[in-house]
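Asker: A structural model of the following input is requested.
(chains A and B)
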Amino acid sequence: MSVMVDFEKEVREKVSEALASIGATDVTFVVEESSVDGVDLSVPCFTMSKALRKAPQAIADELAGLIPAAGAIHSVSSVNGYLNFNIDPAVLVKGVLDDIVARGSDYGSMPASGLTVNVEHTSTNPTGPIHVGRARNPIIGDTLARCLKKCGHEVVTEYYVNDVGKQVVVLTWGVNNVSDEEAAQEAEEHAKSIGQNEKERDKTDHRLVANYRVANKRMESDPAVKECISDMLRRFEDGDAEIIDTVRHTAEIMLDGLRETLSSINVALDRYTWESGYIADGSARDVVERLKKSDYAGQTDDGAWFVDLKDFGIQGKNTKFTFTRSDGTTLYTTRDLAYHLDKFTRADRLIDVLGEDQKLGSKQLCSALEILGNDRMPEPMFYAFVSLPEGKMSTRKGVVVYLDDLVDEAVARAYEEIKSRRSDMPEDKMREIARIVGVGAVRYNIVRVQPEKQFIFKWEEALNFDGNSGPYVQYVHARACSMLRKAGDFTVDTDASKLTDPYELKLIKVLSRYGSVLKAAGDEKRVHVLPAYAHELAAAFNQFYAAVSVLDAGSRKDARLTLVDCTRVVLADVLHCLGMGSPEEM
RNA sequence: GGGCUCGUGGCUUAGCCAGGAUAUAGCGCUGGCCUUCUAAGCCAGACGCCUCGGGUUCGAAUCCCGACGGGCCCGCCA
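Answerer: Numbering: from 1, shown residues only, chains lettered A, B, ... in the order given. Next comes the predicted model:
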């Protein structure tokens, strides 16, 4: 248990006792973190006003008089109807630092829950490179997964690969029928049309997307091509193993490129699950048979099957959720149902990180799961799309920024920064740090905004390395490392009487909150609180750094070095949860 | 047309779910701080009808209703 949690418990007990002593045993109250500077916890007395038939201020006054400043409670006061408490700084300092020293990078994490949480994220169609419009998905998903691990859960991350349907069949046709020359020419024309000299990338996703574009064009202009692709699609849906294998193979090649991109931003998924698998193993068909038997099932005149969801809170004309075509074949949604049923056999809790365009679909999916008798529901987590100042991102219109380009640009910018200030550093070291800093800037910039808020991508913001940015946080880590490097060996000293400066106490208070932040970011799925905390911690350190000298602090030196080291440990862990590296110098 | 969602200084943003004390932070702006532990930093300052209008409440950025503005969705596509 952390110091602040213990303190809150103690305050709660003392307030209860004080209320009991005036005969008010059933009065409820809350203990909250105070928004006022210099107050740690407060109990607003407004809600007690009616039950006690007294003014809030009078209640606060009376209770303050009944609670002695003892134990961890350093002071009690009554202001504006609030009963305010401050923690004994010695208890705070000793408690937090001993905890960090004892647990190291485990500080702030929760005991094993015994639960397995499955986080599905990214799952972009394997038909082209990942662009910034979708980049929120892997970054949010990966950060969430990292936080959930700290919350004590077994976590499995999973990518659902859509290797079924027209798009991948068109891609497959393109890969097998478009010549390299034709694809190269398309790539060149495309680059010209969007006004960029698109870099030659030796990545399968960037190479194959040209084949995809050519295939789409040819399909529109040449009826024979269209017929060929339609035929492939028919054979695919009839279960032709050869076509299915070919398509999957193509998707696999494309996926290699996507994996490379993900890996460049420190995202690695535990499992890739193929949509075609649910056709092959018959589970999509089982879903169809089970849904047909439900009370909500019906058929259109053409023979397509649906369930009516008007009793499930879905309004308007979207109540009919179709699960077979008129020819009886399954739809994406049917396979998605089979997929979720499968995931429920593998995990206790399911989280789907989805674009906001999936909202209705996700709701329909949940309703259908309910009809199938599922008592657990996936927890969707929606994010709004990232757009460009000139509008929605579209590969076709050339209004697009690829994630690979964003990362390259950020790394290049970081390299310039390092080069301008660290002439002493060897070239390969500079390159290595530039990558850590550039990638960190990108991840931080994207995860810092609440997911449901729409996000307009601007280069100057993505490449901002000051203030509320990834590099700001990494810089503090590097500073702490640098001090510790210069200090050499020191003895751990958590003597609270040596850490009494207001900047030290402020920093330790921020450190004390780490556990509750991880809980909010993980269990409550509010990942954006993590970068906010990282910034707060880094800022508290910078203020301490500017105001308090460490290396020539005499008898306080070891205690201050201990604080610096504890901050370094927590900072490194926060950065790890954000999927960012912690450079030791920069 | 219907449904969902967002609206907080010039720009970006926290707080909203569980209403409470002077509304959080960053960019930008003005001024100061490197012969001292990394200035990607620190300090000080200016900048707010929390989109608008009603309602609930002792009390609303927060809850409810309505308007306005942006986004998303409404396929036998995936």
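
Asker: can you list the residue ranges for strands in the stretch 351-500 of chain A?
Answerer: Counting by DSSP state E, counting those that start in this stretch, the stretch 351-500 of chain A has strands at residues A:379-383, A:386-387, A:455-456.

Asker: may I see the ones you listed arranged in CSV, with mean pLDDT as well?
Answerer: Supplementary listing: the strands of the stretch 351-500 of chain A in CSV, determined by pLDDT from 0 to 100:
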stretch, mean pLDDT
strand A:379-383, 96
strand A:386-387, 91
strand A:455-456, 90
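
Asker: take the ones you listed and lay them out in CSV including mean neighbour count and distance to A:Thr567.
Answerer: Placement of C-beta: from N, CA and C, glycine included. Listed next are the strands of the stretch 351-500 of chain A as CSV, based on neighbours: other Cβ atoms under 10 Å; distance: least, Cβ to Cβ, whole Å:
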stretch, mean neighbour count, distance to A:Thr567
strand A:379-383, 19, 31
strand A:386-387, 19, 33
strand A:455-456, 16, 31
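
Asker: residue numbers of the stretch 51-200 of chain A in contact with RNA strand B?
Answerer: A:Val79, A:Asn80, A:Tyr82, A:Asn84, A:Asn125, A:Asn162, A:Val164, A:Gly165, A:Lys166, A:Gln167, A:Val168 (Cβ under 7 Å from any atom of the strand).

Asker: dump the strands of the stretch 351-500 of chain A to CSV, plus distance to A:Arg431.
Answerer: As requested, the strands of the stretch 351-500 of chain A are exported to CSV (distance: least, Cβ to Cβ, whole Å):
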stretch, distance to A:Arg431
strand A:379-383, 32
strand A:386-387, 28
strand A:455-456, 30
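
Asker: can I get those in a markdown table including distance to RNA strand B?
Answerer: A markdown table is the format used below for the strands of the stretch 351-500 of chain A (distance: least, Cβ to the nearest atom of the strand, whole Å):
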| stretch | distance to RNA strand B |
| --- | --- |
| strand A:379-383 | 8 |
| strand A:386-387 | 7 |
| strand A:455-456 | 6 |
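
Asker: could you check how far A:Phe321 is from A:Ala297?
Answerer: 10 Å (Cβ to Cβ, to the nearest Å).

Asker: any residues in contact with both of those two?
Answerer: Taking Cβ atoms under 8 Å, 6 or more residues apart in numbering as the contact rule, A:Phe321 and A:Ala297 both touch A:Phe306, A:Val307.

Asker: looking at those two, which one has more neighbours?
Answerer: The residue with more neighbours, out of A:Phe321 and A:Ala297, is A:Phe321; 26 against 16, by other Cβ atoms under 10 Å.

Asker: count of neighbours near whatever residue of the stretch 151-300 of chain A ends up closest to RNA strand B?
Answerer: Closest to RNA strand B within the stretch 151-300 of chain A is A:Gly165: 2.5 Å, counting by Cβ to the nearest atom of the strand. As a burial measure, A:Gly165 scores 19 neighbours (other Cβ under 10 Å).

Asker: mind listing what it touches?
Answerer: A:Tyr332.

Asker: what's the distance between it and A:Arg259?
Answerer: A:Gly165 is 21 Å from A:Arg259, by Cβ to Cβ.

Asker: and A:Asp405, by the same measure?
Answerer: Per Cβ to Cβ, A:Asp405 is found 18 Å from A:Arg259.

Asker: how is chain A carved up into domains?
Answerer: Recorded structural domains for chain A (assignment: automatic domain parsing) are A:3-87, A:403-577.

Asker: confirm for me that A:Tyr503 is in contact with A:Gln543.
Answerer: Yes: with contact defined as Cβ atoms under 8 Å, A:Tyr503 reaches A:Gln543; the gap is 5.4 Å.

Asker: find the residues that touch each one of those two.
Answerer: Common neighbours of A:Tyr503 and A:Gln543 (Cβ under 8 Å, 6+ apart) do not exist.

Asker: picking that back up, just give me the lowest mean pLDDT stretch among the domains of chain A.
Answerer: For these, mean pLDDT drops lowest on domain A:3-87, to a mean of 90.

Asker: so A:Ser555 makes contact with A:Lys498?
Answerer: Yes: when contacts are counted by Cβ under 8 Å, A:Ser555 is listed as touching A:Lys498 (7.0 Å).

Asker: between those two, which has more neighbouring residues?
Answerer: Regarding A:Ser555 and A:Lys498, a neighbour count based on other Cβ under 10 Å identifies A:Lys498 as having more, with 20 against 9.

Asker: state the distance from the more buried one to RNA strand B.
Answerer: 15 Å (Cβ to the nearest atom of the strand, to the nearest Å).

Asker: max-length helix in chain A?
Answerer: helix A:241-264 (DSSP state H).

Asker: so is that one next to RNA strand B?
Answerer: No: judged by Cβ under 7 Å from any atom of the strand, helix A:241-264 and RNA strand B are separated, with a smallest distance of 10.4 Å.

Asker: which other helices and strands contact whichever helix or strand comes after that helix?
Answerer: Where DSSP states H and E defines the elements, the next helix or strand beyond helix A:241-264 is strand A:271-274. Strand A:271-274 is packed against strand A:154-161, helix A:241-264, with contacts defined by 3 or more Cβ pairs under 8 Å, 6 or more residues apart in numbering; DSSP states H and E.

Asker: ok, strand A:271-274: who's next to it in the sheet?
Answerer: Paired with strand A:271-274 in the same sheet, following DSSP bridges, are strand A:154-161 (parallel).

Asker: between the strand it pairs with and helix A:241-264, how many degrees?
Answerer: 130 degrees (axes from the mean of the first three to the mean of the last three Cα atoms, to 10 degrees).
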